[in-house]
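> Could you work out the structure for the sequence below:
(2 chains)
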Amino acid sequence: MNNKKRFFAVPYVVWMTAFIIIPLLIVVYYGLTNVDGKFTMENILAMFTPINMKALVYSLLLSFISTVICLLLAYPLAMILRNADLKSSSFIIFIFILPMWMNFLLRTISWQTLLENNGVLNTILSALHLPKQHIINTPYAIVLGMVYNFLPFMVLPIYNTLVKIDDNVINAARDLGANSYQTFSKITWPLSLPGVISGITMVFVPSLTTFVISDLLGGGKVHLIGNVIEQEFKFKYDWNMGSGLSLVLMVFVLISMAFVTKYDKDMEGTNVW
Amino acid sequence: MVRKLSRRVYLTVMLIFLYAPILTLVVLSFNASKSRAKWGGFTLKWYKQLFSNEETLNALYTTLLIAFLSALIAVILGTLASIAMNSMKKKPRALLMAITNIPMLNADIVTGISLMLLFIFVNVVFRTRIRLGFTTVLLAHITFNIPYVILSVMPKLRQINKNTYEAALDLGASPIYAFYKVILPEIFPGILSGFLLAFTMSLDDFTITYFTTGPGIETLSTQIYTEVRKGIQPEIYALSTLMFAAVLLLLVFVNRKSAVKEKE
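From the prediction side, this is the model:
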């Protein structure tokens, strides 16, 4: 019977080959050839021109900052949710899935209203006699947009690894004389590491490659590597150049994937839902 | 005591952070002024105008149709694949799971670009005339939705006691009958949450749609993106508020129902 069951995977394997693997190979093909279909390294090396390099370094910097902030915000939140001893996961779904029914672009745009010079935040600040903050159209706004949009992808994997920790393990550590700090550093943190690694990847990769958030909250002043690639495809129609730059970007994605597979062998962290 | 209070405060602050933009959009949907920055008084006119705004209604229809079809097809392919993977040995299963993880871990922009290049490449090589539009967006959405289904169904399959299925076979059930009576009821919650998740992801996607869509077809996401520069029609805020309220009510209703069931 099991032999027959295996054939159920055939449509899936065909589908994923046609729409995931072959398309990626086509990106490699376009990235390594020029318009005439001849082999070239030009499109890859284009990443090292000053303009593109600046965009890449800036993207790496902003996505690194966003990932760190997400981790710092998400870990306590995941701990609180774990200790809240929820009977069902519906509360988690409530907080993190529900916002997705308001379009991603709209959610991001509405930060403009909140952050504008005469926006909601500054109105509150001046009512409290605090100095106005100029955030919109600066890198700060982009980091905020990244943290806001990708925070759930940090909270959910960490939460998932934390709920799996048996209370008895923690109690045993306490009984054996460990203080809260020791319990955390010796028990909770190591056991939650797969979730942390998954979370880091799932925040870092979309932050590194976004072009929408920088577009909407950066006011066109901040050019990230995602914007460069989007321009190549949508305005310059230079698919070879766009593919070449995407391949360089893929290197960072692959490094992240390798990390996840190393630390999260059962993929329990990516199983966020 | 202090600890409990600080937890409460932290949770509240995070909820405000997550929901402030949403609240803003709800408020904007009642704003008489067309500008996002000014409050011009309370109005319901955007809700009235929404139902005569054909452009937005069309985009809504396309968005919902793509979300529904892509989630449905992803559920069928994903569930079959999960059943197959569950009966595989460790190595082939690990390989298939690795493939499943590619669209989840890869950058959306790369997935979008690669699919767009696929359609262009097929046109060049096979001299076909696939036009970027509804079909290509649908194919793309099915592709990124399948992993969500597999990740929802797989854990449920692993929990099933294999003996119950074999017992059904021993008692004379055909494999199909045994599947319907034994396996399906067990994995159905996983299939349902996979479907809802896939539907939501499709609804919320912009990047992949943006690269695989073509002229003449608009989803809500792509319409909003083109409107960002010339100013967003407030009808969209009204529509989003309605969609959000509908899902909120649905979730509350489902929760109530399952809470009542638990009590009984």
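
> any idea whether A:Asn117 is helix, strand or coil?
Classification of A:Asn117 using DSSP: H, G, I helix; E, B strand; the rest coil returns coil.

> what's the next secondary structure element after the host helix or strand of A:Glu232?
Per DSSP states H and E, A:Glu232 falls inside helix A:225-234. Remark: after helix A:225-234, the chain's next helix or strand is helix A:239-263, criterion DSSP H and E.

> Please report how far A:Ser214 lies from chain B.
12 Å (CB to the nearest CB, to the nearest Å). No exception for glycine: its C-beta is placed from N, CA and C like everyone else's.

> who's in contact with residue 187?
Because you didn't say which chain, this covers chain A. A:Ile165, A:Val169, A:Ile170, A:Ala173, A:Ala178 (CB atoms under 8 Å, 6 or more residues apart in numbering or on different chains).

> That was the other one, I meant chain B.
So B:Ile187 contacts B:Thr79, B:Ser82, B:Val153, B:Lys156, B:Leu157, B:Ile160 (CB under 8 Å, 6+ apart).

> one more time with 6 Å
B:Val153, B:Lys156, B:Leu157 (CB atoms under 6 Å, 6 or more residues apart in numbering or on different chains).

> Residue in the stretch 151-273 of chain A with the shortest distance to chain B?
A:Thr209 (3.7 Å; CB to the nearest CB).

> returning to what we had before: now, the most widely separated pair of the contacts of A:Ile187?
A:Ile165 and A:Ala178 (14.3 Å; CB to CB).

> tell me the mean pLDDT for stretch B:210-218?
Mean pLDDT, stretch B:210-218: 92.

> Endpoints of it, how far apart?
Stretch B:210-218 has its terminal residues 10 Å apart, counting by CA to CA, to the nearest Å.

> Give me the buried positions along it.
B:Tyr210, B:Phe211, B:Thr212, B:Thr213, B:Ile217, B:Glu218 (16 or more other CB atoms under 10 Å in any protein chain shown).

> Going by distance to A:Lys236, which of those wins?
Looking across the buried residues of stretch B:210-218 and measuring by CB to CB, the closest to A:Lys236 is B:Phe211, at 14.5 Å.

> Compute the number of surrounding residues for the residue lying closest to the closest one once chain neighbours are set aside.
Spatially, and ignoring its direct neighbours in sequence, B:Phe211 is nearest to B:Gly112 (3.3 Å; CB to CB, 6 or more residues apart in numbering or on different chains). Around B:Gly112 there are 24 other residues, counting by other CB atoms under 10 Å in any protein chain shown.

> A:Ile80 too?
16.

> tell me the SS of it?
Once three-state DSSP is applied, A:Ile80 turns out helix.

> picking up where we left off before, quick one: residues in contact with the helix holding A:Glu232.
Taking CB under 6 Å, 6+ apart as the rule, helix A:225-234 contacts A:52, A:55-56, A:59, A:209-211, A:214, A:238, A:241-242, A:245-246, B:109.

> Please apply the same query to stretch B:89-109.
Under CB under 6 Å, 6+ apart, the answer for stretch B:89-109 is A:16, A:20, A:205, A:209, A:226, A:253, A:257, B:85, B:111, B:144, B:147, B:150, B:207-208.

> which helices and strands sit right next to the helix or strand bottoming out on mean pLDDT in chain B?
Here the helix or strand of chain B ranked lowest by mean pLDDT, DSSP states H and E is helix B:234-263, holding a mean of 84. Applying 3 or more CB pairs under 6 Å, 6 or more residues apart in numbering or on different chains; DSSP states H and E, we find helix B:234-263 packed against helix B:2-29, helix B:45-50.

> Give the residue spans of the chain that score low on pLDDT.
By default, I'm working from chain A. The model of chain A has pLDDT under 70 over residues A:1-3, A:85-90, A:93, A:264-273.

> try chain B instead
Looking at chain B by pLDDT under 70, you get B:259, B:261-264.

> hmm, 80 instead?
By pLDDT under 80, the low-scoring segments of chain B are B:1, B:35-38, B:254-264.

> Tell me which stretches of it form helices.
B:2-29, B:45-50, B:54-86, B:90-105, B:108-126, B:134-159, B:162-170, B:175-178, B:184-204, B:207-212, B:220-230, B:234-263 (DSSP state H).

> most tightly surrounded among the ones you listed?
Sort the helices of chain B by mean neighbour count, taking mean count of other CB atoms under 10 Å in any protein chain shown, and helix B:207-212 sits at the top with a mean of 24.

> Pull the residues that contact that one.
B:108-109, B:111-113, B:115-116, B:136-137, B:140, B:219, B:221-222.

> which two from those residues end up farthest apart in space?
For the contacts of helix B:207-212, and using CB to CB, no pair is farther apart than B:Ile113 and B:Thr219, which are 18.1 Å apart.

> Now A:Gly199: closest residue in space that isn't a chain neighbour?
In space, A:Gly199 is closest to A:Met154, 3.9 Å off (CB to CB, 6+ apart).

> what's the neighbour count on A:Phe48?
Quick note: A:Phe48 (other CB under 10 Å) scores 10 neighbours.

> I'd like to know how far it sits from chain B.
Taking CB to the nearest CB, one finds A:Phe48 at 20 Å from chain B.

> Quick check: phi and psi at that residue.
phi -90, psi 10 (degrees, to the nearest 10).

> Chain A: strands as residue ranges?
All residues of chain A lie outside strands when identified by DSSP state E.

> Tell me the residues of it that contact chain B?
Taking CB under 6 Å from any CB of the partner chain as the criterion, chain A approaches chain B at residues A:2, A:5-6, A:8-9, A:11-12, A:16, A:19-20, A:23-24, A:26-27, A:30, A:77, A:80, A:90, A:99-107, A:110-111, A:113-114, A:116, A:205, A:209, A:226, A:246, A:253, A:257, A:271, A:273.

> Give me the buried entries from those.
A:5, A:8-9, A:12, A:16, A:19-20, A:23-24, A:26-27, A:30, A:77, A:80, A:90, A:99-107, A:110-111, A:113-114, A:116, A:205, A:209, A:226, A:246, A:253, A:257, A:271, A:273.

> Give me the subset of these lying in helices.
Per DSSP H, the subset of those in helices is A:5, A:12, A:16, A:23-24, A:26-27, A:30, A:77, A:80, A:90, A:104-107, A:110-111, A:113-114, A:205, A:209, A:226, A:246, A:253, A:257.
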